[in-house]
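*Asks:* build me a model from this:
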Amino acid sequence: MVKEKELKGMIRLEIHSYILTKEKLFCKCIASRERGLKPNTLICPICCGQPGAKPMLPNEEAVKKAVQIGLMLGCKINNKLKWQRKHYDWPDLPKGYQDTMSGAYSVPIGQEGEYLGIKIREVHLEEDPAQWNPETGNIDYNRSGMPLIEIVTEPDFSNAKQV
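*Replies:* Numbering: from 1, shown residues only. From the prediction side, this is the model:
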């Protein structure tokens, strides 16, 4: 029988949530989470990864809100941020990569925080992919490029109740 004390440090969470902004993370398209919108109407060449389309600087409003979240979680806020491309081949990612602050060579917005006794490893921004329906094969790019915050905890949870 495994004792709860032995389980300490077994579960780490990665929590994703949208950051509500007027625009997407790297373009001027409207950032809307409204359901029922006509597919592929809130898009441009940048958020759809069209050849030759270059991203803009990250959405300042999203960065500021991510910093606020990092501060609320007691994180050390980094002065210099470094983005990275995570490559994967899924239909919901039109560029073939995701711009993120997560990974070996990136620098997150905040690090080494704590919330309710749970250590926070990092807080970073990344862009949401599109919405792919595997049953129909249809892809809606409306949410492609929406700003997401990711909060990564240390493995401080030992049971479902804590989580």
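
*Asks:* now the strand ranked longest in the chain: buried residues?
*Replies:* Longest strand of the chain, by residue count under DSSP state E: strand 118-127. Across strand 118-127, burial judged by 16 or more other Cβ atoms under 10 Å covers 118, 120, 121, 122, 123, 124, 125, 126, 127. All C-beta spots, glycine's among them, are computed from the backbone N, C-alpha and C.

*Asks:* so residue 62 belongs to a helix, correct?
*Replies:* Yes - with DSSP: H, G, I helix; E, B strand; the rest coil as the criterion, residue 62 is assigned to a helix.

*Asks:* what about the helices in this structure?
*Replies:* Assigned by DSSP state H, the helices in the chain fall at 4-7, 60-72.

*Asks:* quick one: mean pLDDT for the first one?
*Replies:* Regarding helix 4-7, the rounded mean pLDDT is 50.

*Asks:* could you do the last one as well?
*Replies:* This predicted structure assigns helix 60-72 an average pLDDT of 96.

*Asks:* what's the angle between that helix and strand 118-127?
*Replies:* Interaxial angle, helix 60-72 versus strand 118-127 (axes from the mean of the first three to the mean of the last three Cα atoms, to 10 degrees): 170 degrees.

*Asks:* what's next to helix 60-72, contact-wise?
*Replies:* Contacts to helix 60-72, defined as Cβ atoms under 8 Å, 6 or more residues apart in numbering, come from residues 19-23, 25, 77, 81, 109-110, 113, 115, 123-125, 147, 149, 151.

*Asks:* among these, which are in strands?
*Replies:* Reading strands off the contacts of helix 60-72 with DSSP E, I get 77, 110, 113, 115, 123, 124, 125, 147, 149, 151.

*Asks:* is it possible to get TSV of those that adds distance to residue 140 and pLDDT?
*Replies:* TSV is the format used below for the ones in strands among the contacts of helix 60-72 (distance: Cβ to Cβ, whole Å; pLDDT from 0 to 100):
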residue	distance to residue 140	pLDDT
77	34	97
110	31	94
113	34	96
115	34	92
123	28	95
124	25	93
125	22	94
147	18	95
149	22	96
151	26	96
